[in-house]
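Peer 1: I'll drop the sequence and a predicted model, then ask my questions.
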Amino acid sequence: MLALAAALPIAGCSGWKRERAETRARSAAERDKASEAADLGQRLRAEGLDEAALAEFERAIAINPTLTVAYLGAGEIYRQRGDYTTAEQRYAEAVRLSPSDFDANYGHGLTLQLLNRLSEAVRAYLRALAIRPMDFAANRDLGTAFLQLGEAAQGLPYAEQAVRVDPSDGPARVNLGAIYAALDRHADAITQYHYAAELTVMSPEIMLNLADSYGKVGRYDEMAATLREVIHQRPSAQAHERLGSAYFRAGHYDEALASFRAAVAMDANHYPAHNGIAVCLLNRYLWSDRTDRTALDEALEALRRSLRIERNQPKIVELLTRYG
């Protein structure tokens with residue numbers, strides 16, 4: 001009996017060790033399966049088979065919920081598909097599992113920016129840059145996020161760093177130009193837009209920004225030329241109205257009036273164009289020694305139309321009071 005009693009603990013200990021060994025073996029096998037699924041997902045992704053790749057990444061996560069690479073792969077696909085909410089969840093989990101992983105922090109920041117959660121995006125980008133300070137994309141996108149927050153001065157060092165890292169990137173030059181413009185450094189903005197034009201195709205939106213900076217530094221002929229090109233590519237009431245403003249400042253009043261009228265013809269609710277028409281006609285009235293009543297009446301009607309569209313215009317109210 002004593003011999004049997006002495007043997008029992010040894011047998012129980014042996015069984016417990018066997019169970020632990022079997023559990024470890026099962027866990028190792030599951031981890032291997034998860035890694036194989038993630039590896040397959042990466043290969044499928046490289047072949048452009050995103051749906052199949054996503055299925056493998058999600059299978060890897062289901063098998064091993066601690067596999068960072070699977071969350072990163074799934075997050076990237078969700079983001080590129082436009083499912084930013086799910087992408088953010090995957091990247092957030094990757095960051096939780098691997099706080100010092102650059103790709104996890106940068107991907108999280110980018111997705112938060114796409115969700116317009118800008119303050120959170122800034123924090124994620126800063127974490128990414130703490131890991132890899134010279135990364136081009138993180139510097140560029142952090143500068144843009146600060147600009148979107150209305151904190152251009154905060155974004156300036158990062159936008160400049162991005163251009164230093166890759167001077168040949170056109171979009172980075174555009175971002176830096178936009179930040180300079182927001183800081184009223186329009187000559188610097190023009191320089192960056194010119195660099196960008198040599199490196200990439202300038203969209204009408206970027207050309208509108210360039211035209212605004214030309215106007216801010218008094219280069220009205222170049223402003224007008226840029227806006228004519230914008231209208232050639234993509235006509236809009238805004239482009240016609242800004243062209244009218246360029247002509248007016250350059251002293252080409254008939255051309256200005258024609259451009260303002262073209263803007264209203266495209267969009268009757270574009271109140272800045274109504275204001276432009278009014279100012280042109282008020283000038284005509286004054287130059288006639290206040291005898292051209294037709295010009296005055298049309299100017300006053302343009303002011304009234306503008307105020308019906310946007311009531312909060314103190315200067316327009318003042319003009320209407322003075323002449324009406």
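Peer 2: Alright, I've got the coordinates.
Peer 1: contact partners for Gln113?
Peer 2: Ala121, Asp141, Thr144, Ala145, Gln148 (C-beta atoms under 8 Å, 6 or more residues apart in numbering). Using the backbone N, CA and C atoms, a C-beta is placed for each residue, glycine as well.
Peer 1: buried subset of these?
Peer 2: Neighbour-count burial (16 or more other C-beta atoms under 10 Å) applied to these gives Ala121, Asp141, Thr144, Ala145.
Peer 1: list the buried residues in whichever strand or helix holds the first one.
Peer 2: Looking back up the chat, that one is Ala121. Counting by DSSP states H and E, the element that carries Ala121 is helix 118-131. For helix 118-131, burial by neighbour count (16+ other C-beta under 10 Å) applies to Leu118, Glu120, Ala121, Val122, Arg123, Ala124, Tyr125, Arg127, Ala128, Leu129, Ile131.
Peer 1: picking up where we left off before, closest one of the contacts of Gln113 to Val279?
Peer 2: Of all these, Gln148 has the smallest distance to Val279: 32.7 Å, by C-beta to C-beta.
Peer 1: can you give me the distance of the closest one to Gln238?
Peer 2: Gln148 sits 20 Å away from Gln238, going by C-beta to C-beta, to the nearest Å.
Peer 1: next one: Arg249
Peer 2: Distance from Arg249 to Gln238, by C-beta to C-beta: 17 Å.
Peer 1: for Asp254, same thing?
Peer 2: For Asp254, the distance to Gln238 - C-beta to C-beta - is 21 Å.
Peer 1: more neighbours: the two, which one.
Peer 2: Comparing Asp254 with Gln238 by other C-beta atoms under 10 Å, the one with more neighbours is Gln238, at 19 against 10.
Peer 1: contacting residues around that one?
Peer 2: Leu208, Ala263, His270.
Peer 1: rerun at 6 Å
Peer 2: Listed by C-beta atoms under 6 Å, 6 or more residues apart in numbering, the contact set of Gln238 is empty.
Peer 1: just the pLDDT at it, thanks.
Peer 2: Model confidence at Gln238, given as pLDDT, is 96.
Peer 1: in the helix or strand in which Gln238 is found, what's buried?
Peer 2: Secondary structure assignment for Gln238, by DSSP H and E: helix 237-250. Going by neighbour count (16+ other C-beta under 10 Å), the buried part of helix 237-250 is 237-248, 250.
Peer 1: can you map out the helices along the stretch 51-200 of the chain?
Peer 2: 68-80, 84-97, 102-114, 118-131, 136-148, 152-165, 170-182, 186-199 (DSSP state H, counting those that start in this stretch).
Peer 1: give me the contact list for the second one.
Peer 2: I take that to be helix 84-97. 66, 68, 71-72, 74-75, 78-79, 104-105, 107-108, 111, 114-115.
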